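Asker: prediction below, plus the sequence it came from.
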Amino acid sequence: MRKQFLIIGILVLGLILFAQEIQHETIAINIEVPVRVFTKGQFVEELTIKDFEVYEDGVNQEILALYLVKRTVIEREETEIDTKQARKIFIPETSRTFVLIFEMMDYFPKIRETFDYFFENVFSQGDSLLIVTPLETYSFEKEQLDKTPREEIVEQLNGKLRKDIKMAAREYKSMIRDLEWLANVEDSSGSNIMAAKEILEQISEYRYFDEEKLMEFKDQLKDIEGQKYVFLFYQQQIIPIPEGIPDAREKRVSFNVDKIKQSFADSSININFIFLTKTEQHQLDMFRMDPTGLKLDNISAEMFGAFNEVAKATGGITDSSSNIASSFQRAVISSENYYLLYYAPKNYKADGKFKNIKVKVKGNNYRVTHRAGYLAD
């Protein structure tokens with residue numbers, strides 16, 4: 001959460017016997033809310049400060065300032081206070097940090113197209129970039145990105161990602177093959193069921209999102225100035241499971257969804273969830289397998305629901321497609337233009353509670369996205 005502290009009151013008292021100045025400081029918390037407004041899939045850029053309404057826990061708030069930002073440029077500003085004073089109080093940070101997370105078991109050629117699009121149409125001088133693969137995290141400093149030719153960066157990133165995905169997927173694909181084998185072998189003792197359960201537990205650990213690690217990741221991004229954009233590429237999992245294994249869907253999301261939603265919304269991190277439905281790692285041929293001993297399970301369904309909620313809570317979008325490049329392009333287009341609204345909450349109390357934010361646009365049925373709120377700490 002971006003909070004800006006403003007000393008707004010100085011009281012001078014004159015005493016009878018001697019003059020003494022006493023300063024009383026009143027602290028006002030100014031909340032920044034990035035807001036995106038769409039109609040028929042297009043960003044609406046002609047809105048003014050009078051067109052918006054902001055509610056905190058259901059209470060209407062006075063909007064003090066509005067900035068229209070396109071990529072990293074402030075195109076327009078409006079304030080309800082003196083302009084010079086506003087520029088001292090509200091200092092919009094439009095620098096950008098991009099984080100691309102690849103939670104995938106297959107390398108697709110369209111990934112190269114995704115990187116090409118990013119560096120040709122999105123990335124600008126001064127932006128920062130972080131790439132998270134199934135094995136490593138690669139950090140690129142601004143100076144390094146500004147000096148290195150884009151073609152060279154794309155080639156390096158594409159090669160590193162392809163290598164890391166293939167290396168990380170070896171064990172995973174071996175477990176999938178073991179499940180397929182168990183599903184096709186007759187067994188009356190029940191040993192196959194026990195073996196399959198053990199493999200499924202290992203698979204769950206393999207695609208595990210640790211809550212503590214997610215919070216650490218959030219803390220690292222929160223300390224970065226400017227706008228933070230996370231694009232999580234998550235590949236669908238459909239695996240063969242022998243009949244007789246009970247469903248354990250409630251265990252597949254390994255973190256507290258509400259806690260993660262509130263923490264990332266508070267940190268003003270824009271998360272976009274790109275769910276890849278293409279699953280080349282095991283194209284199952286039902287004609288060569290005994291359907292009486294096998295069921296297909298989409299074990300990523302619960303993870304889809306969880307990260308879909310996180311994306312909504314942070315003002316991002318969810319896109320589901322078999323084409324990683326087109327999904328990424330839609331997510332980027334949805335995020336690059338926005339309004340920054342500022343307001344000072346009425347009767348603010350640092351009680352540690354999550355304050356819900358709701359932004360409305362008057363008189364029109366627009367699609368409005370923004371972060372869900374902040375923690376009053």
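Answerer: Great, that's in hand. Numbers count the residues shown, from 1 in each chain.

Asker: can you pull the contacts of Ile131?
Answerer: Contacts here follow CB atoms under 8 Å, 6 or more residues apart in numbering; on that basis Ile131 touches 99-100, 102, 137-138, 140, 157, 160-161. The way it works is simple: take the backbone N, C-alpha and C, and place the C-beta from them, glycine included.

Asker: relative to Ala331, how far out is the most centrally placed residue in the chain?
Answerer: In the chain, the residue lying closest to the centroid (CA atoms, centre = their mean) is Ile271, at 1.3 Å. Distance, Ile271 to Ala331, using CB to CB, to the nearest Å: 10 Å.

Asker: what's the overlap in contacts for the two?
Answerer: Gly316.

Asker: how about the contacts made by Thr94?
Answerer: Contacts of Thr94 by CB under 8 Å, 6+ apart are 69, 71-74, 226-227.

Asker: where does it sit, in terms of helix or strand?
Answerer: For Thr94, there is no helix or strand it lies in under DSSP states H and E.

Asker: try Lys166
Answerer: helix 150-183.

Asker: same for that helix, what does it pack against?
Answerer: Here helix 150-183 touches helix 110-117, strand 128-132, strand 137-140, helix 191-206, strand 238-242, going by 3 or more CB pairs under 8 Å, 6 or more residues apart in numbering; DSSP states H and E.

Asker: list the buried residues in it.
Answerer: 153-154, 157-158, 161-162, 164-165, 168-169, 172, 175-176, 179-180, 182-183 (16 or more other CB atoms under 10 Å).

Asker: try stretch 317-335
Answerer: Counting neighbours by 16+ other CB under 10 Å, stretch 317-335 gives 317-319, 323-332, 334-335 as buried.

Asker: narrow these to those in helices?
Answerer: Mapping these onto helices (DSSP state H) picks out 324-332, 334-335.

Asker: closest to Ala195 among those?
Answerer: Ile324 (33.8 Å; CB to CB).

Asker: any idea how far Phe98 is from the nearest residue to the closest one once chain neighbours are set aside?
Answerer: If the residues on either side of it in the chain are set aside, Ile324 comes closest to Lys110, at 4.8 Å by CB to CB, 6 or more residues apart in numbering. Distance of Lys110 to Phe98, given as CB to CB: 18 Å.

Asker: which one of the two has more residues nearby?
Answerer: Phe98 (20 against 16; other CB atoms under 10 Å).

Asker: what about that one, which helix or strand?
Answerer: Going by DSSP H and E, Phe98 is part of strand 96-103.

Asker: just the residues contacting the helix or strand hosting Glu216, thanks.
Answerer: Using DSSP H and E, Glu216 maps to helix 211-222. When contacts are defined by CB under 8 Å, 6+ apart, helix 211-222 is touched by residues 1, 97, 99, 228, 230, 254-256, 259-260, 263-264, 267-269.

Asker: list just the nearest of the residues you listed to Met303.
Answerer: Ser254 (9.2 Å).

Asker: so who does that closest one touch?
Answerer: Here Ser254 is in contact with 204, 208-211 (CB under 8 Å, 6+ apart).

Asker: from those, pick the one nearest Thr79.
Answerer: Nearest to Thr79 among the contacts of Ser254 is Glu211, at 40.0 Å by CB to CB.

Asker: find me the pLDDT at the closest one, would you?
Answerer: Note on Glu211: pLDDT of 91.

Asker: ok, the one 3 residues further on next?
Answerer: What the model reports as pLDDT for Leu214 is 94.

Asker: and if you look at Ser320?
Answerer: Looking at Ser320, its pLDDT is 95.

Asker: and Ser191, by the same measure?
Answerer: 82.

Asker: am I right that Phe115 is in contact with Gly159?
Answerer: No. Counting by CB atoms under 8 Å, Phe115 sits too far from Gly159 to count as a contact (10.6 Å).
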